[in-house]
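Student: below are the sequence and a predicted model for it; my questions follow.
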Amino acid sequence: MGIGCRIHNHMQRPDREIVERFRGLPVANIDDCMNRTAALRQTIRPINKAPLLGTAFTVKVAEGDNLFFHKAMDMAQPGDVFMIDAGGDPNRSIFGEIMVRYCAKRGIAGIVVDGSIRDSDSIAQMDFPVYARGVTPNGPYKNGPGEIGGVVTVGGIVVHPGDIVVGDADGVIVIRPDEAEELAKKVRAFNDNEAVTMERIANEGVLPRPWVDQKLEAIGVEYVD
């Protein structure tokens, strides 16, 4: 039996048009429209400034081991984002510059790892999005076990194959495809409203927030002279 060692050969991906609706949208605004619960933990940080957008290609590796990631690199399709569950182990890197360059050459859209990387100086200069928990020169083992194409947990968020992944300087967010169309509309309306607010700040010096006094009144705030 392949307990702990599985490779799923078929992955459903959403239409690219649905994915593209999130291009350029701030992760913070998307998260606000998802009840502020969809972002990976802040411990998963960007290594460079390249924006991230694509569909999740999930990989689970043993802590400090990258055998199954090596296999996954040859299976993923252009536009996929590797979402690697490495158990959050910070002490041994899962990949470095060579593997990143190979992924970029194959049209992969980015890599997010709940674990560490190395060659961070080089990766920081690349126009290819990489997010990681940490950096260490210690290299990985290549023994397994692991899984490709299953459900994983990355940065405290459950990720399914084919989920939409968006990342910017603030962090990474994961979107279920069946919620994407409605969510994209909601986020764009949110952005439009935010633009109006920014304009009022610039032109009038006003930040309209009627809900502040409403909430203060609701909790019974007393004003003291």
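Tutor: Looks like it arrived, so ask away. Just so we're clear, the structure is a prediction, and the values are computed from it rather than from any experiment. Residues are numbered from 1 along each chain as shown.
Student: how about the most centrally placed residue in the chain, what does it touch?
Tutor: Per Cα atoms, centre = their mean, the C-alpha nearest to the average position across the chain is that of residue 172, at 3.0 Å. Contact analysis of residue 172 by Cβ atoms under 8 Å, 6 or more residues apart in numbering lists 27, 39-40, 44, 52, 112, 131, 155, 165-166. C-beta coordinates here come from the backbone N, C-alpha and C atoms, glycine included.
Student: list phi and psi for the nearest residue to residue 52 once chain neighbours are set aside.
Tutor: In space, residue 52 comes closest to residue 167 once its chain neighbours are excluded; the distance is 3.1 Å by Cβ to Cβ, 6 or more residues apart in numbering. Torsion angles at residue 167 (phi, psi; degrees, to the nearest 10) stand at phi -140, psi 150.
Student: surely residue 167 meets residue 110?
Tutor: Yes: between residue 167 and residue 110 there is a contact at 6.9 Å, judged by Cβ atoms under 8 Å.
Student: what's the overlap in contacts for these two?
Tutor: Joint contacts of residue 167 and residue 110 (Cβ under 8 Å, 6+ apart) are 52-53, 129, 131.
Student: mind jotting down where the helices sit in this structure?
Tutor: 16-20, 27-32, 67-75, 97-105, 120-124, 177-204, 210-218 (DSSP state H).
Student: how about the ones you listed, which one is nearest residue 224?
Tutor: With distances scored as Cβ to Cβ, the stretch of the helices of the chain nearest to residue 224 is helix 210-218 (13.4 Å).
Student: and that closest one, what's its mean pLDDT?
Tutor: Mean pLDDT, helix 210-218: 93.
Student: and for that helix, what's in contact with it?
Tutor: Contacts of helix 210-218 (Cβ under 8 Å, 6+ apart): none.
Student: partners of the closest residue to residue 152 other than its chain neighbours in the sheet?
Tutor: Among residues not flanking residue 152 along the chain, residue 85 sits closest, at 3.7 Å (Cβ to Cβ, 6+ apart). Using DSSP bridges, the bridge partners assigned to residue 85 are residue 60.
Student: got a pLDDT number for residue 85?
Tutor: Checking the pLDDT column for residue 85, the value is 98.
Student: how many other residues sit next to residue 52?
Tutor: 22 (other Cβ atoms under 10 Å).
Student: that one and residue 129 touch, don't they?
Tutor: Yes: counting by Cβ under 8 Å, residue 129 is a contact partner of residue 52 at 3.9 Å.
Student: which one is residue 37 nearest to, not counting chain neighbours?
Tutor: residue 31 (7.6 Å).
Student: quick one: residues contacting residue 108.
Tutor: 54, 73, 76, 78-82.
Student: let's see it at 10 Å
Tutor: Residue 108 makes contacts with 54, 57, 72-73, 76-82, 100, 102, 128-129, as judged by Cβ atoms under 10 Å, 6 or more residues apart in numbering.
Student: for residue 157, see how far away residue 181 is.
Tutor: 21 Å (Cβ to Cβ, to the nearest Å).
Student: and the nearest residue to residue 75 once chain neighbours are set aside, how many residues sit next to it?
Tutor: In space, residue 75 comes closest to residue 148 once its chain neighbours are excluded; the distance is 6.6 Å by Cβ to Cβ, 6+ apart. A total of 23 residues lie near residue 148 under the criterion other Cβ under 10 Å.
Student: grab the nearest non-local neighbour of residue 70.
Tutor: residue 142 (7.1 Å).
Student: what do you get for residue 109?
Tutor: According to Cβ to Cβ, 6+ apart, the nearest residue to residue 109 is residue 54 (3.1 Å).
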